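Enquirer: generate coordinates for the sequence data below:
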Amino acid sequence: MLFVVVKKDKPGQEQVRAQARPAHMAFLAEHAEKVVFAGPLTSEDGASSIGSLLAVEAASVAEAKAFLDADPFAIAGIFESVEILPWRWVINPPAG
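Expert: Numbering: from 1, shown residues only. Below you'll find the model as predicted:
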């Protein structure tokens, strides 16, 4: 099952995000089979990251949450909120 995840950063987390980013990217690469797509949410001008948007493959919300809780960004405590929602890809799904 697919889950779309919207994570919004706490204010003032730019430095913490930058420091945790290499470990975060390595974590996502290590678990590429679970990550359908991922990328930062940005400020309106695109100059800074204000959160994350990703879709993950998991059997349940609990499994998705456990995976997301192991992410170095989550461990660093940068998120103000995390929303995990079941999702069905209808328009332009990947071939397969």
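Enquirer: from the contact counts, what lies against the longest helix along the chain?
Expert: Determined from DSSP state H, the single longest helix within the chain is helix 14-30. The contact analysis (3 or more CB pairs under 8 Å, 6 or more residues apart in numbering; DSSP states H and E) places helix 14-30 against helix 72-76. Placement of C-beta: from N, CA and C, glycine included.
Enquirer: quick one: contacts of the helix or strand following the helix it packs on?
Expert: As assigned by DSSP states H and E, the chain's next helix or strand after helix 72-76 is strand 79-87. With contact meaning CB atoms under 8 Å, 6 or more residues apart in numbering, strand 79-87 is reached by 1-11, 51, 55, 61, 64-65, 68, 73-74.
Enquirer: now swap in stretch 27-41 and tell me
Expert: For stretch 27-41, contacts defined as CB under 8 Å, 6+ apart pick out 2, 6-8, 49-58, 67, 70-72, 94.
Enquirer: tell me if I am right that Pro40 is in a helix.
Expert: No. Counting by DSSP: H, G, I helix; E, B strand; the rest coil, Pro40 falls outside a helix, being strand.
Enquirer: how close does it get to Asp9?
Expert: 9 Å (CB to CB, to the nearest Å).
Enquirer: where do the contact lists of those two overlap?
Expert: 49-51.
Enquirer: save these as a markdown table, and put in pLDDT too.
Expert: What follows is the shared contacts of Pro40 and Asp9, written out as a markdown table (pLDDT from 0 to 100):
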| residue | pLDDT |
| --- | --- |
| Ser49 | 93 |
| Ile50 | 95 |
| Gly51 | 96 |
